[in-house]
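Participant: sequence? don't have it. structure:
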C-alpha cells in the first residue's frame, strides 16, 4: 500500500478509480481527480504548499511533484503525463501535456495545453511554454510546434495508456 500521510492538518484526497504503487508517497495538501495513477517510487509532496491534479494524470516511476513554502503551488491539469524521474516544482501545467522522462520544471513555469517537454529538458524558473509547443534542451527552448499526429500519438496515447496500465494492478 502506498505511503499516504497527513501533514500540517492536510490529508491527501483522490477521486474515483485511482491507483497508487505500493512504494509511492503522497503527503499533505494533495487533491487529485479521477483515474490518476502514481507509480513506483514516485513522490507527491504537498507538505509546504498545495498540489492540485486533474483527471487522468499519471506520475510515473521515480517522478517528484513538489512546491515552495509559501511561494509556489503546483497545478497539473487533465491528461497530464509526468515521465519517469521527472521533477515538476511549483509550476502550472495545463491539460493534455507530456512532461518527458528526466526533465525538470522549475518554480513559476507555465506550460500551456497540448505541449510536450522533451526528455531531459530543463525549464528554468519562470519559463512560459505556449500552447502546442515542444521544448527541449538545457536550458529548454522551443524547438517546434506539435503536429496533430504527434499530439494524438504521444500526449493523448500516453495519458490513456496509463489508465489502462493501472487497471492491470487493480
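Facilitator: Noted; the coordinates are in hand. Please read these numbers as outputs of a predicted model, since none were measured by experiment. Numbering: from 1, shown residues only.
Participant: Run through the helices of this structure in chain order.
Facilitator: 148-150, 157-167 (DSSP state H).
Participant: Quick one: mean pLDDT for the first one?
Facilitator: Helix 148-150 shows an average pLDDT of 94 in the prediction.
Participant: tell me which residues of it are tucked away?
Facilitator: Neighbour-count burial for helix 148-150 flags residue 150 (criterion: 16 or more other CB atoms under 10 Å). Using the backbone N, CA and C atoms, a C-beta is placed for each residue, glycine as well.
Participant: packing partners for that helix?
Facilitator: On a contact count with 3 or more CB pairs under 8 Å, 6 or more residues apart in numbering; DSSP states H and E, helix 148-150 meets no helix or strand.
Participant: again, but for the last one
Facilitator: Contacting helix 157-167 under the criterion 3+ CB pairs under 8 Å, 6+ apart are the following elements: strand 37-38, strand 58-59, strand 81-82.
Participant: before we move on, back to that, tell me the most buried of the helices of the chain?
Facilitator: helix 157-167 (a mean of 16; mean count of other CB atoms under 10 Å).
Participant: follow-up on the earlier one: go through the helices of the chain and name the closest to residue 22.
Facilitator: Across these, residue 22 has its closest neighbour in helix 157-167 (13.0 Å, CB to CB).
Participant: residues making contact with that closest one?
Facilitator: 18, 19, 35, 37, 56, 58, 60, 79, 80, 81, 96, 98 (CB atoms under 8 Å, 6 or more residues apart in numbering).
Participant: what pLDDT, on average, does the biggest strand by length in the chain get?
Facilitator: In the chain, ranked by residue count with DSSP state E as the criterion, the top strand is strand 43-53. Here strand 43-53 scores 98 as its mean pLDDT.
Participant: helices or strands next to it in the packing?
Facilitator: Applying 3+ CB pairs under 8 Å, 6+ apart, one finds that strand 43-53 makes contact with strand 25-32, strand 64-66, strand 74-76.
Participant: Now the buried members of the contacts of helix 157-167.
Facilitator: 18, 19, 35, 37, 56, 58, 60, 79, 80, 81, 96, 98.
Participant: rewinding a little: comparing the helices of the chain by mean pLDDT, which bottoms out?
Facilitator: helix 148-150 - the lowest mean pLDDT of the helices of the chain, at a mean of 94.
Participant: What sits closest to residue 169 if chain neighbours are left out?
Facilitator: With CB to CB, 6 or more residues apart in numbering as the criterion, residue 169 has its nearest non-adjacent residue at 5.8 Å, and that residue is residue 19.
Participant: cool, and residue 132?
Facilitator: residue 114 (4.4 Å).
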